[in-house]
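Pasting a predicted model and its sequence here:
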Amino acid sequence: MLTEIFIKPFADMVEAPDFLLQVLWEGLVSGILYALIALGFVLIYRSSRIFNFAQGIMVVFAALTLVGLHAMGVPAWVSVGLTLLVMFGLAVAIERVVLRPLVGQPDIILFMATIGVTLFLIGLGEIIFGGENKVMITEELGIPTGSILFEPWGGLLILEQKDITAVIVAALLVVALLLFLNKTRMGRAIRALGDDHQAALSVGISLQTIWVLVWFIAGIIALVTGIAWGARAGVSFALEVIAYKALPVLMLGGLESISGAIIGGLMIGMLEKLFEIYWGQPLLGGNTETWFAFVLALIVLLFRPQGLFGEKIIERV
Amino acid sequence: MFYRTAGQFKTSYESDQALFPVRQDAILLAVILVFAWVIFPLTASEFTFQTLLIPILIYALAAMGLNILTGYAGQLSLGTAAFMGVGAYACYKMVTLMPWLNPVVAILLSGVFSAGVGVAFGIPSLRIKGFYLAIATLAAQFFLVWLFEKWAWLYNYNASGAIQVPNLTMFGVYVAGPQADSWVQYYLVLAIVSVMTVLCINLTRGNLGRTWKATRDVDIAAELIGINLMKSKLTAFMVSSYVVGVAGALFVFMWRGAAEPNLFDIPLSFRILFIAIIGGLGSILGNYLGAILIVGLPVVLGTLPAALGIPISSSMVEHINVMMVGGLIVFFLIIEPHGLAQLWRLIREKLIIWPFPH
């Protein structure tokens, strides 16, 4: 039993390094997507202290809108633009209807409100687009769908081109986002709002504008995530559950840290794949991916309550 | 006018701290109890029992358990459904391993198991708080549901992977399983829920409850006046999980009749959290009001289109339902973030001075 836990998995890894690389690659790709969703959470949390549970359904909603528009005969890239418009409308609507009346309420109330928004969007999405699984318009968007083969150490490593595209696009998005937050006026306003609401308001930063902006950025991130994940697994409401995967990422990386979200996402993506393949399936009956990330984050937090990258909080009464 | 408190003098500390300082409250409760114990069971149809009365009571109990943890002790939990599952599976194992066990005893004992699991998953609360803790409780949610699925011993190696409630008798009457009558189950649920409610009210009014509230309000200050935070948080997890576990056992044994692991998935956790928050955090009454709203609303919405003669398919009704519930949650949070219980408190204050404005 002990050898099966501590020795055999590592022996397997050394024996078939190409398979190990394949597993790590798969983990990396899903890790990127977790990181993207976590990024949406972090942005909204930093600027408004709202724990936005609706991020997952926004991914689904964006992907469904894109596919639905294309099915109505709109050219692929035009429907991307229209989807962005829809996400902007959603951001404005959420700010107007939900957030503005709830300014200053306790965190948990705002959190519940975003769950309310989630349910609303699930119902609305099912009514408009129907619940069945749809195929993402990968080819129409010009995303290559072939795969590249490598043969390291006489083995075989398959990299799908759409996964590579997803990784590159995600990396570009993150760089663009960091530039936006650090170099532009608006980006600095977002960060100022995150540091101190009152002070930011007093130097003339508009809360409403920034909130709409932040939710719109979260919408853009949602669209990119939706396209990337939809290309792998199709577009359906089951996609919503990947939003839960972003939560342990947030725990590991800290709710306010952008770099934490990215590194945490990649770590969790790879570690959970490794655990599933080498420990979960042989020893525990598989499907451990549903909880592994949470338990890992829980154990890490027991020893480092501020998360891996969060700032150490010193509390005063 | 009806709620006039003039003339009800309090001349001792006991009467000041009594459960009902105002006589009209006691009368109102008596009326509600008469309805619950006599009038509803006599008039209700099978449909009403199964879709309204029994689920409202069970959901209210589960929300009460969560409310102790979140509303009184201030520890946000998103894993309620998993602890309900622990209660349900523990009860199932007990009645199948020991068929001679009295069903009520089995249900009450099953809470002990979920209390143990709850304390284990409550340990992180000593180091982390707020949303971090909420995500940590999700670990319980996902891990336990996975365990229900993979650990075949829990469901006695059934091919279906689900648990089926066997026929259980108490004093020669079927109380659970396919042969049990709805009204018998209703009385059993009502009795257990009533007793638990009285216990919860007194717990939250007593020493333990004050400790929890102090922990919730300012934990560092609570520590400074000599409250042991560890004890306070872990007892909150324990009591809360016990109540939730009993609710889970009732949920399966007195209402659903069978359960698959994914019944205890995250939507159920959220539904109970809605009930607790819409009803009002830190209120016992609120759990009932919230449960009436959340359980009753879909039933009303489901019958409405047919009553109005609008032809809509049933799946459409379901989608509209989900949408309406989401919208209403936002709506209620906006008009009264402290929940329905606060709304009732305001109404009651207005009634006391009515017809005068001040």
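That came through fine. Numbering: from 1, shown residues only, chains lettered A, B, ... in the order given.

can you pull the pLDDT of residue 56?
I went with chain A, as the question did not name one. According to the model's per-residue confidence, residue A:56 sits at a pLDDT of 84.

The chain in question should be chain B.
The model reports residue B:56 with a pLDDT of 93.

list the helices and strands whichever strand or helix holds it packs on?
Taking DSSP states H and E as the criterion, residue B:56 maps to helix B:54-67. The elements that helix B:54-67 packs onto, with contact taken as 3 or more CB pairs under 8 Å, 6 or more residues apart in numbering or on different chains; DSSP states H and E, are helix B:80-97, helix B:182-205, helix B:229-250, helix B:266-279, helix B:284-308. C-betas here are computed from N, CA, C, even on glycine.

List the buried residues in the last one.
Of the residues in helix B:284-308, those with enough neighbours to count as buried (16 or more other CB atoms under 10 Å in any protein chain shown) are B:284-295, B:298, B:301, B:305.

now for those, which pair is the farthest apart?
Comparing every pair within these by CB to CB identifies B:284 and B:305 as the most remote, at 35.0 Å.

what are the phi and psi values for residue B:73?
Summarising the backbone geometry of residue B:73 under the convention degrees, to the nearest 10, its torsions are phi -100, psi -10.

If you could redo that for residue B:174, that was the one I meant.
In this entry, residue B:174 is assigned phi and psi values of phi -70, psi 130 (degrees, to the nearest 10).

Now it: closest residue in space, sequence neighbours ignored.
The shortest distance from residue B:174 to any residue other than its chain neighbours is 4.3 Å, reached at residue B:180 (CB to CB, 6 or more residues apart in numbering or on different chains).

Quick check, the one you found in contact with residue B:167.
Yes - with contacts counted by CB atoms under 8 Å, residue B:180 reaches residue B:167, the gap being 7.5 Å.

Next, residue A:148: secondary structure please.
Three-state assignment for residue A:148 (DSSP: H, G, I helix; E, B strand; the rest coil): strand.

Tell me who's in contact with it.
A:158, A:159, A:161, A:164 (CB atoms under 8 Å, 6 or more residues apart in numbering or on different chains).

Output the contacting helices and strands for the strand or helix carrying the first one.
The one in question is residue A:158. Taking DSSP H and E as the criterion, the element that holds residue A:158 is strand A:157-160. In this structure, strand A:157-160 packs against helix A:17-48, strand A:147-150, with contacts taken as 3+ CB pairs under 8 Å, 6+ apart.

If you count surrounding residues, which of residue B:180 and residue B:167 has more?
Summary of the neighbour comparison: residue B:180 and residue B:167, criterion other CB atoms under 10 Å in any protein chain shown, with residue B:180 having more neighbours (22 against 11).

Could you give the secondary structure assignment for the more buried one?
Each residue gets one of three states, and residue B:180 gets coil by three-state DSSP.

Let me know the pLDDT of it.
Residue-level pLDDT assigned to residue B:180 equals 80.

who touches stretch A:278-285?
With CB under 8 Å, 6+ apart as the test, stretch A:278-285 has contacts from A:4, A:5, A:8, A:9, A:12, A:13, A:286, A:287, A:288, A:289, A:292, B:150.

Most neighbours of all these, which one?
The most neighbours of any of the contacts of stretch A:278-285, using other CB under 10 Å, belong to residue A:292, which has 25 neighbours.

ok, and the closest non-adjacent residue to residue A:60?
Counting by CB to CB, 6+ apart, residue A:60 lies nearest to residue A:239, which is 4.8 Å off, once chain neighbours are set aside.

Now do the residue nearest to residue B:336 when sequence neighbours are not counted against residue B:315, distance only.
Nearest residue to residue B:336, sequence neighbours excluded (CB to CB, 6+ apart): residue B:343, at 5.2 Å. In this view, residue B:343 and residue B:315 are 33 Å apart by CB to CB, to the nearest Å.

of these two, who's got more company?
In terms of neighbours (other CB under 10 Å), residue B:343 is the more surrounded of residue B:343 and residue B:315; the figures are 16 against 12.

element containing that one?
For residue B:343, the enclosing helix or strand under DSSP H and E is helix B:340-353.

where does the chain have low pLDDT?
As the question left the chain open, I've gone with chain A. Under the criterion pLDDT under 70, the flagged ranges of chain A are A:142, A:152-155, A:307, A:309-317.

right idea, wrong chain: chain B
Within chain B, the set of residues satisfying pLDDT under 70 comprises B:1.

ok, back up a step: by neighbours, which of the contacts of residue A:148 wins?
The most crowded member of the contacts of residue A:148, judged by other CB under 10 Å, is residue A:159 (18 neighbours).

Quick check: the gap between the residue nearest to it when sequence neighbours are not counted and residue A:168.
Distance criterion CB to CB, 6+ apart; nearest residue to residue A:159, sequence neighbours excluded, is residue A:148 at 4.7 Å. Taking CB to CB as the measure, residue A:148 falls 13 Å from residue A:168.

One more: residue B:24?
Here the distance between residue B:24 and residue A:168 works out to 70 Å (CB to CB).

With residue A:268 instead?
Here the distance between residue A:268 and residue A:168 works out to 21 Å (CB to CB).

more crowded one of those two?
Neighbours around residue A:268 and residue A:168, counted as other CB under 10 Å, are more numerous at residue A:268. The numbers are 28 against 11.

Please tell me how far the more buried one sits from chain B.
Noted for residue A:268: a distance of 12 Å to chain B, by CB to the nearest CB, to the nearest Å.

Alongside chain B, which residues does the stretch 151-300 of chain A contribute?
The stretch 151-300 of chain A comes close to chain B at residues A:244, A:247-248, A:250-251, A:255, A:284-285, A:287-288, A:290-291, A:294-295, A:297-298, as judged by CB under 8 Å from any CB of the partner chain.

residues contacting the closest residue to residue A:97 other than its chain neighbours?
Once flanking residues are discounted, residue A:97 sits nearest to residue B:330: 7.4 Å by CB to CB, 6+ apart. Contact partners of residue B:330, counting by CB under 8 Å, 6+ apart, are A:97, A:98, A:113, A:116, A:117, A:120.

ditto for residue A:234
In this structure, residue A:234 makes contact with A:133, A:134, A:135, A:136, judged by CB under 8 Å, 6+ apart.

Now with 10 Å, please.
Residue A:234 makes contact with A:63, A:67, A:132, A:133, A:134, A:135, A:136 under the criterion CB atoms under 10 Å, 6 or more residues apart in numbering or on different chains.

ditto for residue B:60
B:67, B:193, B:196-197, B:247, B:272, B:275-276, B:279, B:284-292, B:294-295.

let's see it at 7 Å
Contact analysis of residue B:60 by CB atoms under 7 Å, 6 or more residues apart in numbering or on different chains lists B:193, B:287, B:288, B:291.
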